[in-house]
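Chemist: Give the three-dimensional model of this entry:
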Amino acid sequence: MGIMSKILGGGGQRSVDDYVELDIDDFAEASAETGMQVHIAEIGDQSDVIPIKDAVYDGDFVIADITRHSTSDRTVEHIIDELRQVAEEVDGDIVQKGDDQLVIAPTGVAVSRRKLS
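Modeler: The predicted structure is shown next:
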């Protein structure tokens, strides 16, 4: 007798009554509450940082578009410093990808600095 037969309790024969129909809405809601999500954000000004910080504190991953600012802009420097502090506080990670994106990872997630080849 195979392992699956033992687990299923005999010959592995099941009827429709042995299964439970899952409600996909309940599954999606439960999954969103317990798992990490990836958020896409745009940073236009300092106020856009608040929901990004909240998401990272909640354990979510954020990819933020900073194309509205030049990398030499003092505002973007301040924003990056603020988000770097958040990443350090939660033991996460932050990486700037080119001149247009920030990747902010939550607790326990490191962002590789090497491209996949």
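
Chemist: buried sites along the helix or strand containing Leu83?
Modeler: Per DSSP states H and E: Leu83 is located in helix 74-89. Using 16 or more other C-beta atoms under 10 Å as the test for burial, helix 74-89 gives Val76, Ile79, Ile80, Leu83, Val86, Ala87. Every C-beta, even on glycine, is put in place using the N, C-alpha and C of the backbone.

Chemist: swap in stretch 44-51?
Modeler: For stretch 44-51, by 16+ other C-beta under 10 Å, it's Asp48, Val49.

Chemist: residues making contact with that stretch?
Modeler: Ala41, Glu42, Ile43, Arg68, Thr75, His78, Ile79, Glu82, Leu83 (C-beta atoms under 8 Å, 6 or more residues apart in numbering).

Chemist: Just the endpoints, please. Distance across it?
Modeler: 13 Å (C-alpha to C-alpha, to the nearest Å).

Chemist: Let me see the mean pLDDT of it.
Modeler: Mean pLDDT, computed over stretch 44-51, is 92.

Chemist: show me where this structure has helices.
Modeler: Using DSSP state H, the helices of the chain run over 3-8, 24-34, 49-57, 74-89.

Chemist: Thought Phe61 was touching Val38, still the case?
Modeler: Yes. At 4.7 Å, Val38 counts as touching Phe61 under the criterion of C-beta atoms under 8 Å.

Chemist: So between those two, which is more surrounded?
Modeler: Legend: neighbour count by other C-beta atoms under 10 Å for Val38 and Phe61, higher for Phe61 (18 against 11).
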